[in-house]
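1. coords please:
(2 chains)
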Protein chains: 2
Amino acid sequence: MNSTSEQDSTAAPTTHGRGCNVALLGFGTVGSSVAKILCERPDSDVRLTHILNRNVARKKVDWLPSSVKWTEKIDDILSSDANIVVEVMGGLQPTEDWIRRVLSSGKSVVTANKQIIARCGPELISLAAQTNQQILYGASVAGGVPVISGLQSGLAGDELFKIRGILNGTCNYILSQMESKGVAFADALREAQKLGFAEADPTEDIDGLDARAKLTILARVGLHCNVDPETITVQSISRIEAIDFEYASQLGCTIRQIAGAEISSAGLKTGAEAEQAHAERSSLLAAVGPALVALSSPLARVEGSQNLVVTTGTYGGETVFGGHGAGGHPTAVAVVSDILAIAHSKQAGTSTGAEDLKASASKTPSAKTSQVSADYTAKHYLRFFVKDQPGIIACLATILSSFDINIDSVLQKPGCPKTRLPFLITLEECKASLVERALRQLNVLEFMVEPCLHLPIL
Amino acid sequence: MNSTSEQDSTAAPTTHGRGCNVALLGFGTVGSSVAKILCERPDSDVRLTHILNRNVARKKVDWLPSSVKWTEKIDDILSSDANIVVEVMGGLQPTEDWIRRVLSSGKSVVTANKQIIARCGPELISLAAQTNQQILYGASVAGGVPVISGLQSGLAGDELFKIRGILNGTCNYILSQMESKGVAFADALREAQKLGFAEADPTEDIDGLDARAKLTILARVGLHCNVDPETITVQSISRIEAIDFEYASQLGCTIRQIAGAEISSAGLKTGAEAEQAHAERSSLLAAVGPALVALSSPLARVEGSQNLVVTTGTYGGETVFGGHGAGGHPTAVAVVSDILAIAHSKQAGTSTGAEDLKASASKTPSAKTSQVSADYTAKHYLRFFVKDQPGIIACLATILSSFDINIDSVLQKPGCPKTRLPFLITLEECKASLVERALRQLNVLEFMVEPCLHLPIL
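-> A predicted model of the protein is given here:
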C-alpha cells in the first residue's frame, strides 16, 4: 500500500510513452465508476494514477492497481505527473479554487460540476486556454446523454434556436410516479428518497435549481447565449397535485419539469436577416418548471429518471438525445469520453491542445452575455382552489377579458369538497406576463383558497 | 459571371486569412442546401469557392456570391485552392475515384456517400492519413441526426455492444402509413413515390441495401467491427401485408424496418473477461429487415421519414439519437458540421490535421474485420397463408416440436378466404437458424399457398 500523501518525484506533467495520466478528485459514486471504466479499458491510452478523497483509509478499495496513489491533499495532485484532473467531488468550494489551481498548474480538467460550469464556465475556459490546457464538462448536463458533444460537433453546422429538455431525473421520477400511480407529491417524493432517486434535501432538484444550471450550460453551448443562471426563472414542482394530472389527461397532456430556452427571433431566414437575428441573440427566453406537454410529444414519454433533450435548428429541425441522465456509470461514461478527447488531442502534440482549444473556443466566440426573459407565449393552464359560491366563473372571466385574455376551456371535476373546490381554466395563446398581471387581481379575490397554479401548455 | 472551367492561378491549397475554402461536388438537393448554409453563416470561417456539376449552365443560381467558380471538370477542383472538397454527387463511380484523387491531392473530404464509406471507408481513411488530410462522413448515416459524432466523441468512454436503428426513412414512411391507414404495401409505396419519399426504383430502400450500408458504418464506428456490407443479411419489407399489422397489434407490437448489430459476448464484465470479449468482437450479429417492435419501444414511435438510433453500452445503458434522417437541409447540417470540424482542426495548425487524424484513427484501431452472423436469438413471428383443410396446425406443431421449437401462441383472424387463409404462429425464444431449418420443411407442405413470412419479435 502506498502512503496516503506520497509525493511524486516528477513534478512536471509528462506522458509516459503514449498514454495520459489521470488524477481523480472525489471517489464517490461517479468517481469510483470512472476508476472502474478506466481500469477495465483493454487498450487504454489513459491511466489512473492518483485519487484524492477525504478519509482515504475508509475509501480504499482492493480492485484498483496498487500503483494508484491515494491522497487527501490537493498539493499532491498539483505536483504530480497527472496530465488530466477529473473533478467529481461536487460542491462549490474548495472545488472551484482547486479547478483554477489545477488549470494554472498546466493540467487539463474534466468536470461533472454543473453549478461551477454554469456560473463561471467561460472564465475557466479562458483560464485553461492561458495555460494551453482544456476544461471539458460533458457530464455536467444529462449525465451519459451525449448532448454537449452533439451540440459542439454533430449539430455545429445548424443554427439552433430552441432547446427543451427534461434535465432532472428526480423531478421526472416524481412526476411520472404521480402520473402513473395517482399518488400525491409528498408520497412520490418520499418514495423517490427511499429509492435513492432524491436527496434528503431535495430542494435543488424540486425547485429547479439543478435543471437551471444545466439549461444555462446548454444555452451557452447550443444557442451561444451566455446567461447568469440566477436570472432564469424557476418554478417548483412541489405545488403539483394529483388533480393536475387528471386535468392534464383530460387535455391530452401530462406534466413534466421542462427546462426550455429559445431565441424568439430565429427561424428560417437569409443573409441580412441572419445577421440581424444573430445580433438579437442577446435576448433569450428561458425558464424551468412544471409544464403541460402533449402525450404525443417525446417529452411526455420520458419515464422514471431518464433525461431527454430536444433541439430545434433552422436547417435540421428537431433532433432528440435521450438516455440515462444520472447514476454513477452513465455519468462516468461522459467523464471518460472527455478524458479520451483530451488525451487524444494531447497525443496529437503538446501544443495541439492549446491550438485545438483556441479553435474550439473560436467556435463559440459569439456566446454573448444575454438578457433573459421568462415571458413566453403559450397556451396557459390555470388551476384554482376556491370556496364554492355562485358567480365565481363569471367573476374570473370578467377580469381575464379585461386583460384581453381569451378563455379556451373551463373544466370542473364533480364530487370535490365545496371548501376547496378545484377547477381549471385554460387560456388561448398569450404572453405569460399578461396572465401574471391578471393573476395578481384574481389571486386576491376573497373566494380564493390559495394562489392559482399557472403552467404553460407546450 | 465566371467562365465554366476557369483555372485558379494558385495551384496549392492555401487558406486565405483564417478561413478554409470549400469546393462542392454535386449541386443537387443536398449540395444546394450545403451552399445555402455556408453562405448564410454570419461569422463564417469557411468559404464556398467552387461548385462542380454536370451541365453547369442549367444549374447556376443567382443567390450565390459571384466569386464562386463553377466547373464540370474534376481537374479544376484538384488544382484549385480549395482545402475541403464536399462530395454530395452520390453514386459509386466516378465518385470513388474522384474522392481518392482529391485526398491524394492534399485536400480533405466530407462525404454523404454511405455506399462508398461502407465499402471502402477504412481504406479511404488511411489514404487521407497518408496526405495529412481527413475524410469525414457524418452525413452518411441518419442525415441530420448526429449519431456518428455521438459515437466518436460523447459515447467514446462507453463500451457499446448493441446498435439498433430505423435508418431508412422511405421504409419507415411506408410502414407507418400501412400501420395508421391500414393500406396495402403497394398503395403505401405509390403514395410515398408521389410525395417524393421513395425513388422511382425503390429497391435500395425497400430491400434494405440502403440501411445495410448505414449499419455497416455504425458497426465500424460504434462497435469497432469491420464488416463487408454484402455479408449482412437483408430482408425486404415488400412481403409485409396489412394483416401483419393486425397481428402485430394483437401482440402489442408494430412493424418497422430495423437495422441491428450486436456483439453477443459483451455485457457487464471485468479485466480478463473484457479482453476476451474484445477478442470476440471478430464476430457480429447483424441483420436488416422488417421486425416486430413492442409499442412501448422508442423504435415503434418513429413516424414518417424520421430516423432513430438506440445504442446500448456496458456502462451507459441505452442512449437514443433521433431526428430527420434525410432531406436536403438536415443532411446538409451534418455535412457543414464536418466541414467546420476539419476547418477548425486545420486552423489549429496544418500538421494538426494529420496528427489529429492519426490520433482519431488510433481511437478505433481495434476495428477488426469481423465475421457476420444473422443467427439472432429472439421470439419469432411466423405468418402463413394456407389452403384451409383439417389438421394444419397439428401438422405444423409436430414439425416444429421435432426441432425442439416451442409455440408461444396461435392467432387466426375469422372471415378470411379459405383458399388463402392467413394465420399466425409465434414461437418462444430460439435461434433464427433453427426456425429457418424447420421452415424448409414447412414451406413445402402441400397446403402452403406461399412461403411463410418469418420476422423477429424484438
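2. and the residue in the stretch 1-150 of chain A positioned nearest to chain B, how many neighbours?
-> For the stretch 1-150 of chain A, the residue closest to chain B is residue A:146, as judged by CB to the nearest CB, at 2.1 Å. Using the backbone N, CA and C atoms, a C-beta is placed for each residue, glycine as well. The number of residues packed near residue A:146 is 33, by other CB atoms under 10 Å in any protein chain shown.
3. ok, now residue A:181?
-> Using other CB under 10 Å, residue A:181 has 13 neighbouring residues.
4. what's near enough to touch residue A:227?
-> Going by CB atoms under 8 Å, 6 or more residues apart in numbering or on different chains, residue A:227 touches A:216, A:219, A:220, A:284, A:286, A:369, A:370, A:372.
5. repeat the analysis, applying 10 Å as the threshold.
-> A:118, A:212, A:215-216, A:219-220, A:261, A:284, A:286, A:367-372 (CB atoms under 10 Å, 6 or more residues apart in numbering or on different chains).
6. what helix or strand is the closest residue to residue A:424 other than its chain neighbours on?
-> If the residues on either side of it in the chain are set aside, residue A:424 comes closest to residue A:411, at 4.2 Å by CB to CB, 6 or more residues apart in numbering or on different chains. Using DSSP states H and E, residue A:411 sits in strand A:407-412.
7. which parts of the following helix or strand past that strand are buried?
-> Following strand A:407-412 in sequence order, the next helix or strand is strand A:421-431 (DSSP H and E). For strand A:421-431, a neighbour-count test (16 or more other CB atoms under 10 Å in any protein chain shown) marks A:421, A:422, A:423, A:424, A:425, A:426, A:427, A:430 as buried.
8. do stretch A:72-87 as well
-> For stretch A:72-87, a neighbour-count test (16+ other CB under 10 Å) marks A:74, A:76-87 as buried.
9. any idea of the mean pLDDT in it?
-> Rounded to a whole number, the mean pLDDT of stretch A:72-87 is 97.
10. is it in proximity to chain B?
-> No - if you take CB under 10 Å from any CB of the partner chain as the test, stretch A:72-87 misses chain B, and the best it gets is 11.4 Å.
11. ends of that stretch, how far apart?
-> One end of stretch A:72-87 sits 14 Å from the other (CA to CA, to the nearest Å).
12. farthest pair within the contacts of residue A:227?
-> Across these, no pair lies farther apart than A:212 and A:368, at 19.4 Å, counting by CB to CB.
13. what about the two, which has more around it?
-> Comparing residue A:212 with residue A:368 by neighbour count (other CB under 10 Å), the higher total belongs to residue A:212, at 28 against 16.
14. quick one: residue A:214 from chain B, how far?
-> Remark: distance between residue A:214 and chain B (CB to the nearest CB, to the nearest Å) = 15 Å.
15. residues contacting that residue?
-> Contacts of residue A:214 (CB under 10 Å, 6+ apart): A:114-115, A:117-118, A:140-142, A:147-148, A:165, A:167-168, A:229, A:259, A:288, A:307, A:309, A:325.
16. the residue nearest to residue A:424 against residue A:393, yeah?
-> No - taking contacts as CB atoms under 10 Å, residue A:411 lies outside contact range of residue A:393: 11.3 Å.
17. which residues do these two both contact?
-> When contacts are counted by CB under 10 Å, 6+ apart, residue A:411 and residue A:393 have A:423, A:425 as shared neighbours.
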